[in-house]
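Q: Dropping a prediction and its sequence here:
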Amino acid sequence: PPPFFCAGSCKYRQSMGYNDTKRKALFTGIIRAQGVLANVQQRGEGLQIDIVGLRPDWDLEPGASVAVDGVCLTVETLGKDSGTFYLSGETLERTTAGSWANGRRVHLEPAIRAGDPLGGHIVQGHVDGCCELMSRTPSGDDVILEFSRPGFLDAALSVKGSVAIDGVSLTINRRTDAGITVNIIPHTQQETHLGELNVGDKANMEADPVAKQVAEILARQLAQRQDAL
């Protein structure tokens with residue numbers, strides 16, 4: 001079956017500087033593999049990277065979308081188990097990709113296909129911005145991570161809501177004064193690099209797109225009512 005694409009214009013993604021085709025990919029935040037960056041090099045105002053660790057059973061082809069640490073990127077060329085991707089200057093500014101280097105391990109998820117289970121939540125690969133790990137607390141076999149909460153996402157990050165951190169679908173445990181906490185279970189520690197993050201490390205954050213839309217609509221309605229008074 002073909003990759004699952006959402007309907008609508010791609011002008012938003014193009015304005016954000018993301019690579020794009022005439023379709024928009026969707027992801028679930030369930031990491032399918034970890035790849036390794038290679039041949040990281042400047043290309044114009046952006047960056048060209050190779051990723052080793054793409055899986056043959058994903059049936060990728062040039063133009064396909066892959067979420068890399070939560071960033072939706074387009075495959076330019078493919079090797080046996082690797083692919084070449086381009087990241088624009090806007091992407092480098094908005095995400096952690098500006099500090100990516102050879103040897104870095106990255107989370108990988110191909111676009112979901114029609115009929116695939118939605119194991120996490122809807123993730124677009126449109127990273128809202130970077131967050132910082134503020135604390136990590138062991139809790140039995142789990143690790144509780146506290147990430148900073150960007151002010152512009154405040155209304156979209158609610159307790160028991162969803163958030164993608166470096167592309168991983170997570171449930172928000174609670175809100176702190178300046179952040180949110182998430183619980184990293186043993187399986188997630190094994191399949192991702194989130195459990196290896198140190199305090200001060202940066203990560204990509206994407207709020208639940210449904211929550212963002214609801215928050216924006218409510219804020220607009222409130223502003224209209226205040227203007228009418």
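A: Okay, I see it.

Q: so what's the closest residue to Ile144 other than its chain neighbours up against?
A: Using Cβ to Cβ, 6 or more residues apart in numbering and skipping the chain neighbours, the partner closest in space to Ile144 is Thr137 (4.5 Å). (Each C-beta comes from the backbone N, C-alpha and C, glycine too.) Neighbouring residues of Thr137 by Cβ atoms under 8 Å, 6 or more residues apart in numbering: Val143, Ile144, Glu146.

Q: Phi, psi for Thr137 please.
A: Per-residue torsions, Thr137: phi -130, psi 120 (degrees, to the nearest 10).

Q: Next one: it from Arg113, what distance?
A: To Arg113, Thr137 is 38 Å away according to Cβ to Cβ, to the nearest Å.

Q: Specify the helix with the largest residue count in the protein.
A: Ranked by residue count under DSSP state H, the longest helix found in the chain is helix 209-228.

Q: How far off centre is the helix or strand encompassing Ser135?
A: Secondary structure from DSSP states H and E places Ser135 in strand 129-139. Computed by Cα atoms, centre = their mean, to the nearest Å, the chain-centroid distance of strand 129-139 equals 16 Å.

Q: Could I have the CA atoms of the helix or strand following that strand written out in PDB?
A: Heading C-terminal from strand 129-139, the first helix or strand you meet, by DSSP H and E, is strand 142-148. Extracted C-alpha coordinates of strand 142-148, given in PDB (Å, rounded to 0.1, in the frame of the first residue of the first chain):
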ATOM      1  CA  ASP A 142      12.100   3.700  34.500                       C
ATOM      2  CA  VAL A 143      13.700   7.100  34.000                       C
ATOM      3  CA  ILE A 144      11.700  10.200  34.500                       C
ATOM      4  CA  LEU A 145      12.900  13.000  32.200                       C
ATOM      5  CA  GLU A 146      12.000  16.700  32.600                       C
ATOM      6  CA  PHE A 147      12.200  18.800  29.500                       C
ATOM      7  CA  SER A 148      11.900  22.600  29.200                       C
END
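
Q: what mean pLDDT would you report for strand 142-148?
A: Mean per-residue pLDDT for strand 142-148: 97.

Q: Residues in contact with it: which ones?
A: By Cβ under 8 Å, 6+ apart, strand 142-148 touches 131-138, 165, 173, 176, 178-186, 189, 194-195, 197, 203, 205.

Q: Mind checking which of those are buried?
A: Using 16 or more other Cβ atoms under 10 Å as the burial test, the contacts of strand 142-148 include 131-134, 136, 165, 179-182, 184, 194-195, 197, 203, 205 as buried.

Q: least confident pick among those?
A: The lowest pLDDT within the buried ones among the contacts of strand 142-148 belongs to Gly195, which sits at 93.

Q: wait, that residue sits on Ile185?
A: No - with contact defined as Cβ atoms under 8 Å, Gly195 and Ile185 do not form a contacting pair (9.4 Å).

Q: the strands in this protein, which residues?
A: 5-6, 24-25, 33-43, 46-52, 65-68, 71-78, 82-87, 105-110, 129-139, 142-148, 162-165, 168-175, 179-184, 202-207 (DSSP state E).

Q: closest to Ala97 out of those strands?
A: Taking Cβ to Cβ, strand 82-87 is the member of the strands of the chain nearest to Ala97, at 5.2 Å.

Q: No more questions from me, cheers.
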